[in-house]
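> below: sequence and its predicted model.
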Amino acid sequence: KAGVTQTPRYLIKTRGQQVTLSCSPISGHRSVSWYQQTPGQGLQFLFEYFSETQRNKGNFPGRFSGRQFSNSRSEMNVSTLELGDSALYLCASSLFGPNTEAFFGQGTRLTVV
Amino acid sequence: DQQVKQNSPSLSVQEGRISILNCDYTNSMFDYFLWYKKYPAEGPTFLISISSIKDKNEDGRFTVFLNKSAKHLSLHIVPSQPGDSAVYFCAASERGTSYGKLTFGQGTILTVHP
């Protein structure tokens, strides 16, 4: 069974630009969550989608947004990029969300210059 | 406010011995706990989980213990192998409406020496 697929693996963007990251969850999984990993803050929850609806959101500014499509694939968007947005962005899929194991993709490494 | 803490940034163990990784939490609403293993530039890999209704769960070489009164959990790896060398994260989820949200500790770097 295929795992969680994130594209692209690496991105370099300039301050002020916007970026869109993509995540394809494990087949049959309906919950997709996004996390940001930085050396200083560790793994921080961004948001979670289930059946195309955002159910939960972490403490990130409105520049961070996402959506989920009917096939459960998800995208996250960061607008007006800042240097501090440089991080590994991880997507996780699970069957239902709470109290079920989340399986992570390999992540997208975003570098803002 | 760090709700999940892994107070040991690193742990070094000899091959064949037991590795014990610890995690403390402060949020009494957490009711499900997970351990993940992570290599650099890759996503975390799920290892083992435990519900708050249990105090122990085993899966092969990995055992997780939960002490709810102390708000403490630990991961035991027996016997440790060099391939176990990685960063280990504990994570917790909260009952109620915190759908899909895992709160992670800062991680412990485990090094297993041959």
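Sure thing, it's come through. Numbers count the residues shown, from 1 in each chain, chains lettered A, B, ... in the order given.

> where along the chain do the strands fall?
All of this is about chain A. Ranges of strands in chain A, per DSSP state E, are A:5-7, A:10-13, A:19-24, A:31-38, A:42-50, A:53-57, A:64-68, A:74-78, A:87-94, A:103-104, A:108-112.

> oops, wrong one, chain B.
B:4-5, B:10-14, B:19-25, B:30-38, B:45-51, B:56-59, B:62-67, B:72-77, B:86-94, B:103-104, B:108-113.

> output those as TSV; include the columns mean pLDDT.
Putting the strands of chain B into TSV (pLDDT from 0 to 100) gives the following:
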stretch	mean pLDDT
strand B:4-5	95
strand B:10-14	97
strand B:19-25	98
strand B:30-38	93
strand B:45-51	93
strand B:56-59	96
strand B:62-67	98
strand B:72-77	98
strand B:86-94	93
strand B:103-104	93
strand B:108-113	97
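
> what about those, which gets the closest to A:Arg30?
Nearest to A:Arg30, of all the strands of chain B, is strand B:86-94, at 16.3 Å by C-beta to C-beta. Every C-beta, even on glycine, is put in place using the N, C-alpha and C of the backbone.

> next, the angle strand B:10-14 makes with the closest one.
120 degrees (axes from the mean of the first three to the mean of the last three C-alpha atoms, to 10 degrees).

> do any residues in strand B:86-94 lie close to chain A?
Yes - with C-beta under 8 Å from any C-beta of the partner chain as the criterion, chain A is reached by strand B:86-94 at B:Phe89, B:Ala91, B:Ser93, B:Glu94.

> may I see the strands of chain A arranged in a markdown table, with distance to chain B and mean neighbour count as well?
Listed next are these as a markdown table, based on distance: least, C-beta to the nearest C-beta, whole Å; neighbours: other C-beta atoms under 10 Å in any protein chain shown:
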| stretch | distance to chain B | mean neighbour count |
| --- | --- | --- |
| strand A:5-7 | 8 | 16 |
| strand A:10-13 | 9 | 13 |
| strand A:19-24 | 11 | 20 |
| strand A:31-38 | 4 | 24 |
| strand A:42-50 | 3 | 23 |
| strand A:53-57 | 4 | 15 |
| strand A:64-68 | 11 | 19 |
| strand A:74-78 | 11 | 20 |
| strand A:87-94 | 5 | 25 |
| strand A:103-104 | 3 | 21 |
| strand A:108-112 | 7 | 18 |
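
> redo these as JSON lines? Include distance to B:Ser80 and mean pLDDT.
Compiled in JSON lines, the strands of chain A are given as follows (distance: least, C-beta to C-beta, whole Å; pLDDT from 0 to 100):
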{"stretch": "strand A:5-7", "distance to B:Ser80": "30", "mean pLDDT": "97"}
{"stretch": "strand A:10-13", "distance to B:Ser80": "33", "mean pLDDT": "97"}
{"stretch": "strand A:19-24", "distance to B:Ser80": "33", "mean pLDDT": "98"}
{"stretch": "strand A:31-38", "distance to B:Ser80": "25", "mean pLDDT": "93"}
{"stretch": "strand A:42-50", "distance to B:Ser80": "24", "mean pLDDT": "92"}
{"stretch": "strand A:53-57", "distance to B:Ser80": "36", "mean pLDDT": "91"}
{"stretch": "strand A:64-68", "distance to B:Ser80": "39", "mean pLDDT": "97"}
{"stretch": "strand A:74-78", "distance to B:Ser80": "36", "mean pLDDT": "98"}
{"stretch": "strand A:87-94", "distance to B:Ser80": "26", "mean pLDDT": "94"}
{"stretch": "strand A:103-104", "distance to B:Ser80": "23", "mean pLDDT": "92"}
{"stretch": "strand A:108-112", "distance to B:Ser80": "30", "mean pLDDT": "96"}
